[in-house]
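Asks: please work out how this folds:
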Amino acid sequence: MSMEPTDNETIETLPAFGLQIIQPRDGYRYSLDPLLLCDFVKTGTSARIADLGTGCGIIPMIMARQAENATFVGVEFQEVMAGLAARNVAINGLQDRIKIVCEDVITLRKLYPASSFDLIVANPPYRTPGSGRTSPRAGRDRARHESTAGLEDFLTVAKYLVRPGGRICFIYPPARLAEFVLRAGELRLAMLRLCMVHGNPKAAAKMFMAELAKGSRGELTVEAPLIVRDGSGGYTAEAASILEA
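Replies: Numbering: from 1, shown residues only. This is a model prediction of the structure:
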């Protein structure tokens, strides 16, 4: 397993988390979304955590820095990206705490019994097949568009994998919030927290973050919106604190 980036890759640093991350030069590259989700999650006492659709492995690696006693499984169905995630885990010395599994989420039942995890996180593909413009860069469409697994599949598998009383945290576009709430309700997953993410103070929400619970009840808390950039285009204090951890 090569630890060095190839000519078709770049290596980025996240000093706040002490991480180096190899990414495809022209393929799918992570955005701010996984960093926002990691801050939203608040791992607490969760000991075993799964990330559905891990990409380059950024979410479990950041969370490994946040929760030193937790262990992680990162699930990625694209073989190339799963290999990249495994390399990233290795170069950051996290092999003993993070396992990368190349598998489609809809087949995870064959690998893990029910209630195997305390917490499930996901930044899954969000465009339905045929929607949105096609990306000319390899890997981006598969990372953004639902293929074999859609939103209902991700939620169903998350419910299966998480223990009773465990939590499920997603980041997803507001255009699909109604569908998200409907599917979660059908699965009897209680929504506990909701946070809308806005690019600037005047912009419509660009993403939402939600926390669901399996086998528990509680009133929904709609948190103050997260504004990423201020009126001048710089990061807000809240966004900067997340980036700088």
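Asks: show me what contacts Ala70?
Replies: Taking C-beta atoms under 8 Å, 6 or more residues apart in numbering, we find Ala70 in contact with 43, 46-49, 63-64, 97. (Glycine included, C-beta is placed from N, CA and C.)
Asks: so which of those residues comes closest to Arg167?
Replies: Checking the contacts of Ala70 against Arg167 by C-beta to C-beta gives Ser46 as the nearest, at 7.5 Å.
Asks: and the closest one, what element?
Replies: For Ser46, there is no helix or strand it lies in under DSSP states H and E.
Asks: give me the neighbour count for it.
Replies: Per other C-beta atoms under 10 Å, the neighbour tally for Ser46 reads 23.
Asks: contacts for the host helix or strand of Phe170?
Replies: According to DSSP H and E, Phe170 maps onto strand 162-172. For strand 162-172, contacts defined as C-beta under 8 Å, 6+ apart pick out 33-34, 36-37, 40-41, 46, 115-124, 126, 151, 154-155, 158-159, 180, 189, 192, 197, 207-216.
Asks: now intersect those with the helices, please.
Replies: With helices identified by DSSP state H, the entries of the contacts of strand 162-172 that belong to them are 33-34, 36-37, 40-41, 151, 154-155, 158-159, 180.
Asks: next, the distance between the ends of stretch 93-112.
Replies: Chord length of stretch 93-112, first to last residue, is 25 Å (C-alpha to C-alpha, to the nearest Å).
Asks: Serialize the ones in helices among the contacts of strand 162-172 to CSV and add fields for distance to Glu79 and pLDDT.
Replies: Output for the ones in helices among the contacts of strand 162-172, formatted as CSV (distance: C-beta to C-beta, whole Å; pLDDT from 0 to 100):
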residue, distance to Glu79, pLDDT
Asp33, 23, 93
Pro34, 21, 93
Leu36, 27, 96
Leu37, 24, 97
Phe40, 29, 97
Val41, 27, 95
Leu151, 23, 95
Phe154, 19, 97
Leu155, 25, 97
Ala158, 23, 98
Lys159, 27, 98
Phe180, 28, 97
